[in-house]
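Novice: sequence unknown, structure follows:
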């Protein structure tokens, strides 16, 4: 019943009467040549007004390089997410504005060149992984950008200092990390955040968009610290130069996790739960705060049979229009103020969903690739170095501790390439969290237990076994693991030392007894939970039998007694479960056929 006119983006330039314009040109031209009219900036959505000379020079740079950069990104570099050229140009616009605002007076052409290449490279390169960014630099940026100080580094290794008219290396701006101590490192391991080059870059990019209230979307593989990076930024937002000190103190954030079952009603209820009525139909964050809504797993909601993500259409309406329809009164609108957004999602590939383009266009998108080997050594190496390079450890122990990061990375890379997921091995998923679990387990052992390098090597082998081998469900896979982990130790430590730790040993933290009153049986001092090696399987069996007897003798448990047969496999499973539950945020999934004893 409606006349339909299809408007193609290829006709956008000619549709306004300027046939010589390129399809994307009206989008960026309108932003660069924005002007003030009665205290408002026209067009709407433009956060600042540029000087005419600045806008004309930037527009000439866009006209020269956008087509080539977009073609290189989409045709030669395999982007991790598909989007339009107009969207990428808006991303670059919101990235260059706050950098130009740092200049005193009008920026020179030299500064404009640097800022343009920085913003264009991150807008287009934000869709690429580490390999794609190197390729984009080699194929396009290196051929046209003459201001980079070194040909050995890519444009993504530099930040622009607009005041000094210079490129600065990101590696020179990584802040130091203070070791919290042996006790706190075990308790707070799950929440540790160690600054790296990658995290510094992402924080800077998020900040530039945040200044002008542009939402940021991070996407990438599992375990690449997307959530941790955004949470760390939002938690420490008072340290950044955003407005005045009073405004920063009012900033808070709320995290919402999307899932397949998240509906528009659940999203709206979660959002309004953090809002209160301001005036009339206007709602804002409670206590007059300024709220940033962090939506994690943004692409998870169900796609219906018509290909729509109705939950994300509700999100789009809030991000785009700052308003929602009331759930109580049909047709009544609720307007939202003092609200910003950011999000994280998995890369839309390998069966993972993408989000609607109408929602995506409101976000500046940046791919978070796996950290480089240098960054991984920096993250895990600094923990182990601080943990073991102190008095109380032998020089040989310190030397072995310095090799553990490299050994873990070597074996993790090998098992990632060999043990791939299949329908019967769907849980064969090895990511960066596994490396963190190994280091966390190594840090659980107190100083008095790690008496020499062989104890430390034994502990590392045990943690690798718990993290990697316990996932494997085929005898041939476990045999491959045993062979390769031994070869890894031999390659890094030598065959003589490898033979000393060839036999697997179980570690547990429930082997010691507390102090009790012999007459009343009252516990005077709780049992110390020292993570230590178990001498034999028989000793472990006796300890578990004592614990089961103690449990059954307690009054509240007499009606639900445990009567388990503690055979070797059951004992090993109990030790594995206890190890996981004793770690902060320790979660586990027992995988097996029916009747294999998972519940027992």
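Specialist: Looks like it came in fine. On a predicted model such as this, the values are computed, not experimentally measured, just so you know.
Novice: top helix in the chain by residue count?
Specialist: Looking across the chain with DSSP state H, the single longest helix is helix 395-418.
Novice: what's the next secondary structure element after it?
Specialist: helix 432-443 (DSSP states H and E).
Novice: residue 177 versus residue 165, what's the distance?
Specialist: 31 Å (CB to CB, to the nearest Å). In short, each C-beta sits where N, CA and C put it, glycine included.
Novice: same deal with residue 126?
Specialist: 26 Å.
Novice: give me the pLDDT for residue 216.
Specialist: Note on residue 216: pLDDT of 95.
Novice: could you count how many residues lie near it?
Specialist: By other CB atoms under 10 Å, 26 other residues sit near residue 216.
Novice: which parts of stretch 493-500 are buried?
Specialist: Neighbour counts over stretch 493-500 (16 or more other CB atoms under 10 Å) mark 493, 497, 498 as buried.
Novice: so what's the gap between that stretch and the chain middle?
Specialist: 37 Å (CA atoms, centre = their mean, to the nearest Å).
Novice: point out where the protein drops to low pLDDT.
Specialist: 9-21, 520-521, 555, 557-558 (pLDDT under 70).
Novice: which residue ranges of the stretch 201-350 of the chain form helices?
Specialist: Using DSSP state H, counting those that start in this stretch, the helices of the stretch 201-350 of the chain run over 226-235, 245-249, 264-272, 310-321.
Novice: excluding its own residues, what touches the third one? List them.
Specialist: Okay, so that is helix 264-272. With CB atoms under 8 Å, 6 or more residues apart in numbering as the test, helix 264-272 has contacts from 256, 258, 283, 293, 310-311, 313-315, 318, 324, 327, 334, 336.
Novice: kindly recompute the last result at 10 Å.
Specialist: By CB atoms under 10 Å, 6 or more residues apart in numbering, the list of residues contacting helix 264-272 from outside reads 254, 256-259, 262-263, 283, 291, 293, 295, 301, 309-315, 317-318, 324-327, 334, 336, 339.
Novice: tell me the angle it makes with helix 310-321.
Specialist: Inter-element angle recorded for helix 264-272 and helix 310-321: 40 degrees (by axes from the mean of the first three to the mean of the last three CA atoms, to 10 degrees).
Novice: I'd say residue 232 and residue 200 touch.
Specialist: No: checked against CB atoms under 10 Å, the pair residue 232 and residue 200 is beyond contact range at 11.2 Å.
Novice: residues near residue 559, how many?
Specialist: Residue 559 has 6 nearby residues by other CB under 10 Å.
Novice: for it, helix, strand, or coil?
Specialist: coil (DSSP: H, G, I helix; E, B strand; the rest coil).
Novice: from the contacts of helix 264-272, which land in strands?
Specialist: Among those, the members falling in strands (DSSP state E) are 254, 256, 257, 283, 291, 293, 295, 324, 325, 334, 336, 339.
Novice: touching, the second one and residue 293? I think so.
Specialist: Yes: because the distance of 6.6 Å satisfies CB under 10 Å, residue 256 is recorded as touching residue 293.
Novice: more neighbours, those two?
Specialist: residue 293 (23 against 19).
Novice: how near is that one to residue 481?
Specialist: Distance of residue 293 to residue 481, computed by CB to CB: 43 Å.
Novice: ok, now residue 156?
Specialist: Taken as CB to CB, the span from residue 156 to residue 481 is 36 Å.
Novice: thought residue 462 was touching residue 503?
Specialist: No: judged on CB under 10 Å, residue 462 makes no contact with residue 503 at a distance of 11.2 Å.
Novice: of these two, which one has the most company?
Specialist: residue 462 (22 against 8).
Novice: ok, the closest residue to the more buried one other than its chain neighbours - contacts?
Specialist: Sequence neighbours aside, residue 507 is the residue nearest to residue 462 in space, at 5.1 Å (criterion: CB to CB, 6 or more residues apart in numbering). Residue 507 makes contact with 441, 444-445, 449, 458-459, 462-463, 466, 531-534, 575, 579 under the criterion CB under 10 Å, 6+ apart.
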